[in-house]
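K.L.:
I would like the atomic coordinates for the input below:
(chains A and B)
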Number of protein chains: 2
Amino acid sequence: MNLKDGQTRPVRQTTEILSWLQNLLSHGSSRRSFLKTTATAGLTISSILTSSGYSNTLLSSKNREPYRLTEKNNVILFQGDSITDAGRSKGRLNKANEPRALGTGYVFLAACQLLAENFEAKPKIFNRGISGNKVYQLAERWDKDCIALKPDVVSILIGVNDYWHTLKHGYDGTVEKYEADYRALLERTRRELPTVTLVICEPFVLRCGEVNENWIGEFDRYRSAAKKVSAEFNTIFVPFQHVFDEATKKAPPSYWAGDGVHPTMAGAYLTAQAWLKVVLGKA
Amino acid sequence: MNLKDGQTRPVRQTTEILSWLQNLLSHGSSRRSFLKTTATAGLTISSILTSSGYSNTLLSSKNREPYRLTEKNNVILFQGDSITDAGRSKGRLNKANEPRALGTGYVFLAACQLLAENFEAKPKIFNRGISGNKVYQLAERWDKDCIALKPDVVSILIGVNDYWHTLKHGYDGTVEKYEADYRALLERTRRELPTVTLVICEPFVLRCGEVNENWIGEFDRYRSAAKKVSAEFNTIFVPFQHVFDEATKKAPPSYWAGDGVHPTMAGAYLTAQAWLKVVLGKA
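P.N.:
Take a look at the predicted model:
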């Protein structure tokens, strides 16, 4: 298999890699070019949007603008349950951009890309998700795990345990409590951090593992509640359930989340990409 | 900030995210579209290629074809030193695609994207990098940490310690030994795994932290040796040094690798993307 003396080796993709890199380092324009390309390549987008209650007329909202990171508003906090936690080291809480403190889920994946693409803003990224948390448990630790960090962006993914723990841990919460607690948490956040940008990530489940058909109808009510408070507070909303609904048309649910709740590495990649495109992406 | 009753929330980037997702799930075509776009957007590619000894004439080689993952050739092994190791758990060696066993560096980032984009091939990804390793130390553990895994793709990033340890640990190796050991390792690999696809990642340093100007000339000889054996064995070659040379035109070296050797999260993202585009990307 060796080449003869004097032969030079083949070089693969050198042109593409350097083009890509130069583009990426031109203020994140690679992702914008990417979106521009893919935005015209959708297949059945209209039907998906319609079936899910989305409407293109909403896209003209002033809130349509992506969040613009700068050095003056670059503190990003991810909050939530085990999906956010993703096994992060609790002993390295105070330092931003510390790999082990960010876990091995969507937060770490999103953070790496955020840092590479926003080298001028130099984001400071924290993960304070804790496994098993329900929305009222975020509230209990909100002063130290949110307000004290003075975040510019707070991204929250919470809800699956608010339902799941009623099945397996005897938790007596209801969807009404989830919605009321979530609303109170957002009110408090806006009061204490008047300029904060809020991101609500849609709770999601996949039909496999711990999740059976009995879940779906009831869990839909929690998803709807999250959407409702997102609308009330005019937050950015990341439609994770839709991402996984699309993904499971291509590969079995367990490929994306083994137990139906916690994303695999492939699932974490999808959630991270969805987060980046919705929160920071350009049309 | 609340919307009035009856108002619906604004929806951001919903069209783009679903377009992107559908595209991604169409056999990785999103990345191909991305490359197609960026390939025309390069600014000074020709001069970079010329200055680094690359030539477009080489791009017509038969070896130009990207590696095609299928279910029958989907075992990917990453090997190397601390940059590859990246703090992986040594207690979870046997299972493929185990997040903690993949560390928090370029391997984990590449693996997540590989799994998401290649759901039909279902790659099995292993990381057996060990901090501090030099090329002769890979050889010492090659039977159990490479051959036994029967990998279809073996990616190796090795070389910085072969030089660095001559400065700080009294190691008496030379660039000639590095090249000879590397050649022997590749010969053995091809002999034991006749159908394997080999990937050699270029060792790299950035001018900061532990790395001073005295390094550069000497370390260049190790980079050249890695390129030379790559050419001899007709392997895929990932030009990491070029990636970081470009990146440091945009942000200081320490933004990409704090000590000049180990990539930050931002640096790990660049290396992962470079690996994916060179090894699996399409022109």
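K.L.:
From residue A:212, how far off is residue A:158?
P.N.:
Applying Cβ to Cβ, to the nearest Å, the value for residue A:158 to residue A:212 is 22 Å. The C-beta positions use only the backbone N, C-alpha and C, and glycine is treated the same way.
K.L.:
Also residue A:236?
P.N.:
31 Å.
K.L.:
Tell me which of those two has more neighbours.
P.N.:
Shown here are residue A:236 and residue A:212; by other Cβ atoms under 10 Å in any protein chain shown, residue A:236 has more neighbours (24 against 10).
K.L.:
Leaving out sequence neighbours, find the closest residue to that one.
P.N.:
residue A:199 (4.5 Å; Cβ to Cβ, 6 or more residues apart in numbering or on different chains).
K.L.:
Please list all residues in contact with that neighbour.
P.N.:
A:153-156, A:235-238, A:275, A:279 (Cβ atoms under 8 Å, 6 or more residues apart in numbering or on different chains).
K.L.:
Can you tell me the SS state at the residue of the stretch 101-250 of chain A found nearest chain B?
P.N.:
Nearest residue of the stretch 101-250 of chain A to chain B: residue A:231, at 3.2 Å (Cβ to the nearest Cβ). The three-state label given to residue A:231 by DSSP: H, G, I helix; E, B strand; the rest coil is helix.
K.L.:
I'd like the distance between it and residue A:178.
P.N.:
Using Cβ to Cβ, residue A:231 is found at 16 Å from residue A:178.
K.L.:
Of these two, give the one with the bigger neighbour count.
P.N.:
Using other Cβ under 10 Å, the more surrounded residue of residue A:231 and residue A:178 is residue A:178, with 24 against 18.
K.L.:
Wait, the more buried one touches residue A:161, no?
P.N.:
No: Residue A:178 sits out of contact with residue A:161 when judged by Cβ atoms under 8 Å, with a separation of 9.9 Å.
K.L.:
Need the overlap of contacts for these two.
P.N.:
Common neighbours of residue A:178 and residue A:161 (Cβ under 8 Å, 6+ apart) are residue A:134.
K.L.:
For chain A, which segments are assigned as strands?
P.N.:
For chain A, the strands defined by DSSP state E occupy A:75-80, A:124-127, A:153-157, A:197-201, A:236-238.
K.L.:
Can you convert those strands into TSV and add a column each for mean pLDDT and distance to residue A:103?
P.N.:
Converted to TSV, the strands of chain A look like this (pLDDT from 0 to 100; distance: least, Cβ to Cβ, whole Å):
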stretch	mean pLDDT	distance to residue A:103
strand A:75-80	98	9
strand A:124-127	98	6
strand A:153-157	98	12
strand A:197-201	97	15
strand A:236-238	95	18
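K.L.:
Grab the nearest non-local neighbour of residue A:215.
P.N.:
Excluding its sequence neighbours, the residue lying closest to residue A:215 (Cβ to Cβ, 6+ apart) is residue A:205, at 6.0 Å.
K.L.:
The residue nearest to residue A:236 bridge partners, please.
P.N.:
residue A:155, residue A:236 (DSSP bridges).
K.L.:
Any figure for the gap between it and residue A:111?
P.N.:
According to Cβ to Cβ, residue A:199 stands 14 Å off from residue A:111.
K.L.:
just residue A:235 next, same as before
P.N.:
Going from residue A:235 to residue A:111 by Cβ to Cβ gives 20 Å.
K.L.:
I'd like to know how many residues surround residue A:239.
P.N.:
The burial count for residue A:239: 23, using other Cβ under 10 Å.
K.L.:
Report the separation between it and residue A:110.
P.N.:
Computed as Cβ to Cβ, the residue A:239 to residue A:110 distance reads 16 Å.
K.L.:
tell me the contacts of the closest residue to residue A:173 other than its chain neighbours?
P.N.:
Spatial nearest neighbour of residue A:173, excluding adjacent residues (Cβ to Cβ, 6+ apart): residue A:162 at 5.6 Å. Shown in contact with residue A:162 (Cβ under 8 Å, 6+ apart): A:134-135, A:171, A:173, A:175, A:177-178, A:222.
K.L.:
pLDDT and distance to residue B:269 added to those residues, as JSON lines?
P.N.:
Supplementary listing: the contacts of residue A:162 in JSON lines, determined by pLDDT from 0 to 100; distance: Cβ to Cβ, whole Å:
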{"residue": "A:134", "pLDDT": "98", "distance to residue B:269": "33"}
{"residue": "A:135", "pLDDT": "98", "distance to residue B:269": "32"}
{"residue": "A:171", "pLDDT": "96", "distance to residue B:269": "38"}
{"residue": "A:173", "pLDDT": "96", "distance to residue B:269": "39"}
{"residue": "A:175", "pLDDT": "98", "distance to residue B:269": "38"}
{"residue": "A:177", "pLDDT": "98", "distance to residue B:269": "40"}
{"residue": "A:178", "pLDDT": "98", "distance to residue B:269": "35"}
{"residue": "A:222", "pLDDT": "98", "distance to residue B:269": "33"}
